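Novice: coordinates for the following, if possible.
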Amino acid sequence: MKTNFVFLTLAACGFAASVQAQTYVLESSIGVRAQVLTQGAAVTVDPPGRLTSRTTSRIVATTFGSREILRTMIARGLIIGSAQEWRLVYLEDGATGTGGPYARRSGSAPVAVPADLLVVPAFSASIVRGTQATRDDGATFVGQTELAEASASVSGIPVHGRASNGIRTTTVTVNGTPLALNVVRTTMNFHGGAKGAPSDRLIRGVMLIGEAKLSDLTQLP
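Specialist: Here you go, the predicted model:
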């Protein structure tokens, strides 16, 4: 089974087009853990009494994850408060399938995450194991795992890797009407690199996307 969007797809459930077009928002948690490697300064040592000097080059490892993304957004004035008050989520328009990563805090409007901090995975080649069943009324039930090649961007560095997507069917109720959705829980192990000032950078880490749930938002910000 190939998902049409990054994290979830509407199942073929036989609902009228007017029902499918209802405005609602789906929300998934996002977690990022990564390590950025850069070239440290070279240190030259001239030992007393020796004819040769020694130059040592070091690699500097910097943590970059969800907390750093939120702290950077605070430093840029995009959100206020502390990083502990905010969380990263993926918000999607349930009717159109459009969406993106946001910072959310209780009582505050969601704020879009800049693309130079995080771009969520896009999938290419994939294979699936597991089962899928379709009822006579068109409702689809899945218990599958999709393994897919994926690309994304973390801290402005293009990354790629393999994603494991657990797919299952759930039902949300919008204005009294049940809608069946194929929701996807994604784990992507990634690595990548970028050239440029102040130095070349390598990155490796993992991105976790939780299963989508019906959000308290009625539309995307």
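
Novice: how far away is the residue nearest the centre of the chain from Asp93?
Specialist: The chain has Val120 as the residue nearest its centroid, 4.0 Å off, counting by CA atoms, centre = their mean. Counting by CB to CB, to the nearest Å, the gap from Val120 to Asp93 is 15 Å. Glycine gets a C-beta too; all of them are placed from N, C-alpha and C.

Novice: any idea which element Val60 lies in?
Specialist: In the assignment (DSSP states H and E), Val60 maps to strand 59-65.

Novice: ok, Ile74 next?
Specialist: Ile74 is part of helix 66-75 when elements are defined by DSSP H and E.

Novice: cool, and Thr44?
Specialist: Counting by DSSP H and E, the secondary-structure element that holds Thr44 is strand 43-45.

Novice: who does that strand touch, helix- and strand-wise?
Specialist: Counting contacts by 3 or more CB pairs under 8 Å, 6 or more residues apart in numbering; DSSP states H and E, the secondary-structure elements packed against strand 43-45 are strand 54-56.

Novice: quick check: mean pLDDT of the strand it packs on?
Specialist: Per-residue pLDDT values over strand 54-56 give a mean of 81.

Novice: repeat for stretch 137-154
Specialist: Averaging pLDDT along stretch 137-154 yields 88.

Novice: same check on stretch 163-174?
Specialist: 87.

Novice: give me the contact list for it.
Specialist: Contacts of stretch 163-174 with the rest of the structure, by CB atoms under 8 Å, 6 or more residues apart in numbering, involve 1, 3, 11, 22, 24, 26, 94, 121, 123, 128, 130, 139-150, 178-188, 211, 213-214.

Novice: how about a cut-off of 6 Å?
Specialist: Stretch 163-174 is contacted from outside by 11, 22, 24, 121, 141-142, 144-148, 150, 178-188, 214, using CB atoms under 6 Å, 6 or more residues apart in numbering.
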